[in-house]
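Peer 1: Here is the input, now give the coordinates:
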Amino acid sequence: MTPNDYIKILAGFLTILLFATLDNAISPLVSVFRDYYQVPLESTLILISACTLGFAVGLFLGPAALSSFSPKALIGTALIGVTLGLLLFVTSGDFYPAVFSRALLGFSVGFISCTIWWVTYHAMSGKTAQHVMLTGVMTARPLGIALGVPAAGILSTSIGWKTAFTIFGVGLIAFASLLRSSIINNPERQSTSFYESFAEYKRACSQPFFMGYYGSIFLNSMAYLGLYGMGGIWFLTFFQLPADQISETFLFLGIAEVGATFLAPIILRLFPYPLVFGTSGVGAIFLYALLIGPSFPLSTSVAIMMAFIACTRIWIFSNASHIPTIFPSHKNKGTMGTLMTLFAWLGFAAVSWLQSVLIPIWGLNNVVIGQTVLLAVSIFWSFLVHRTLVFHAESA
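Peer 2: Predicted structure coming up:
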């Protein structure tokens, strides 16, 4: 690996980690933003929904932008949006301008994220560097939750949330700029129309079992990522934890994410795939249902959340690893993987908004019940797809 490879790996990893921090740090700080903006507690979740939806839109449009602009130009333009979004967020005293600023931040980082994937597959010096870069990209988000969110929460309660978010925002801008500078040569691009750049998505959507596979990912994310979205309200409502202690609990949730991410491929090698798929899916439903109430002390509840996250990460990894089996006729498997990320983030955006609307009407407990039902539907829907296409291939 070359020195430039190390720069790309470090810059790409920290860019995603810092964005994951800025995106997820809202949840443990819901009481802080409620008091600052003078809005209902549940309305603060719109800040999460706006950022996540913006990211999903930017990620979707990213391939089209890369067909028209160089990676360096795209990162440079996106950084303008990141800077403006962060400035508006920390200077605005009104809620809806803050919502817009979060959407702008997510939208801009969506383009940067797409460029990071381009760097991973097209700008590394060899297979070893590419593998290390891919590992960094895949582990950055869970490490952002494990390390960045607790740090942001503790800093916000000690030096103020505006200062804390500014620190992480400046770091994001700095490392994204470093990534941009590490791209030495811009590739030659073929002239591609706006319509042609989306033709790959259209072909992917025409695949058999597309709706079953990605519909289950969407619903699963509404429960899995929805837990992160409502986590702050959940701990505040049931255990009356202050913002700094809620932030500390996210450390344990992030540890579960990171651990499961590394253990998943090992587990899939050691045990039959149908057993891993079924156990992780059913286990996730059972564990999520235990959060209704809850009827357990804080430490046990956190342990249940950690176990649920571990089961879900294993289930998601097993789904992703079988994209070639489920969609054998689609040549560009990278597009199918991108769509998996896209549907997951759309599910997160949708559930964060729904939580902000439904928690005041239904109550938090009934929302948890609803998300448990969505989780069960997603696992069963995915099971139907895997029973048809995967299980017989694994046993053959």
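Peer 1: Show me this protein divided up by domain.
Peer 2: As given by automatic domain parsing, the domain ranges for the chain are 1-184, 202-396.
Peer 1: Any regions of the stretch 151-300 of the chain where pLDDT drops low?
Peer 2: Residue ranges of the stretch 151-300 of the chain with pLDDT under 70: 185-197.
Peer 1: which residues of it fall in helices?
Peer 2: For the stretch 151-300 of the chain, the helices defined by DSSP state H, counting those that start in this stretch cover 161-182, 194-197, 199-205, 210-239, 243-270, 273-289, 298-321.
Peer 1: Which SSE is immediately downstream of the last one?
Peer 2: Think helix 298-321. On the C-terminal side of helix 298-321, the closest following helix or strand by DSSP states H and E is helix 323-326.
Peer 1: Can you tell me which of the domains of the chain is most buried?
Peer 2: Of the domains of the chain, the one with the most neighbours on average (mean count of other CB atoms under 10 Å) is domain 1-184, at a mean of 20. Where you see a C-beta, it was placed from the backbone N, CA and C, and this is true even at glycine.
Peer 1: what's the spacing between that domain and its chain's center?
Peer 2: Computed by CA atoms, centre = their mean, to the nearest Å, the separation of domain 1-184 from the middle of its chain amounts to 11 Å.
Peer 1: and that domain, how far apart are its ends?
Peer 2: Counting by CA to CA, to the nearest Å, you get 15 Å between the two ends of domain 1-184.
Peer 1: For Phe69, give me phi and psi.
Peer 2: phi -130, psi 150 (degrees, to the nearest 10).
Peer 1: Please report how far it lies from Gly76.
Peer 2: Remark: distance between Phe69 and Gly76 (CB to CB, to the nearest Å) = 9 Å.
Peer 1: what does Ile292 give?
Peer 2: Going from Ile292 to Gly76 by CB to CB gives 48 Å.
Peer 1: do the same with Ala199
Peer 2: Taken as CB to CB, the span from Ala199 to Gly76 is 27 Å.
Peer 1: And for Ala223?
Peer 2: Taking CB to CB, one finds Ala223 at 38 Å from Gly76.
Peer 1: contacting residues around Val390?
Peer 2: Residues near Val390 by CB atoms under 8 Å, 6 or more residues apart in numbering: 273, 277, 322, 325-326.
Peer 1: try 10 Å
Peer 2: Val390 is in contact with 273-274, 277, 318-319, 322, 325-326, 382-383, counting by CB atoms under 10 Å, 6 or more residues apart in numbering.
Peer 1: what does Trp381 give?
Peer 2: Trp381 neighbours (CB under 10 Å, 6+ apart): 211-213, 215-220.
Peer 1: In terms of distance to Ile7, which of these ranks first?
Peer 2: Closest approach between those and Ile7, by CB to CB: Ile217, at 33.0 Å.
Peer 1: I'd like to know how far the residue lying closest to the closest one once chain neighbours are set aside sits from Tyr213.
Peer 2: Leaving aside its chain neighbours, Ile217 sits nearest to Phe343 (4.7 Å; criterion: CB to CB, 6 or more residues apart in numbering). Distance, Phe343 to Tyr213, by CB to CB: 9 Å.
Peer 1: and if you look at Leu18?
Peer 2: For Leu18, the distance to Tyr213 - CB to CB - is 31 Å.
Peer 1: show me where the stretch 1-150 of the chain has strands.
Peer 2: For the stretch 1-150 of the chain, no strands are identified by DSSP state E, counting those that start in this stretch.
Peer 1: the helices in it, which residues?
Peer 2: Here the stretch 1-150 of the chain has its helices, by DSSP H, counting those that start in this stretch, at 3-24, 30-37, 45-68, 71-91, 95-122, 127-143, 149-159.
Peer 1: Report the central residue of this protein.
Peer 2: Computing the C-alpha centroid of the chain and ranking residues by CA atoms, centre = their mean puts Trp345 first, at 5.9 Å.
Peer 1: element containing that residue?
Peer 2: Assigned by DSSP H and E, Trp345 belongs to helix 333-362.
Peer 1: That helix - contacts with which helices or strands?
Peer 2: Secondary-structure packing of helix 333-362 (3 or more CB pairs under 10 Å, 6 or more residues apart in numbering; DSSP states H and E): helix 3-24, helix 45-68, helix 95-122, helix 199-205, helix 210-239, helix 298-321, helix 323-326, helix 364-389.
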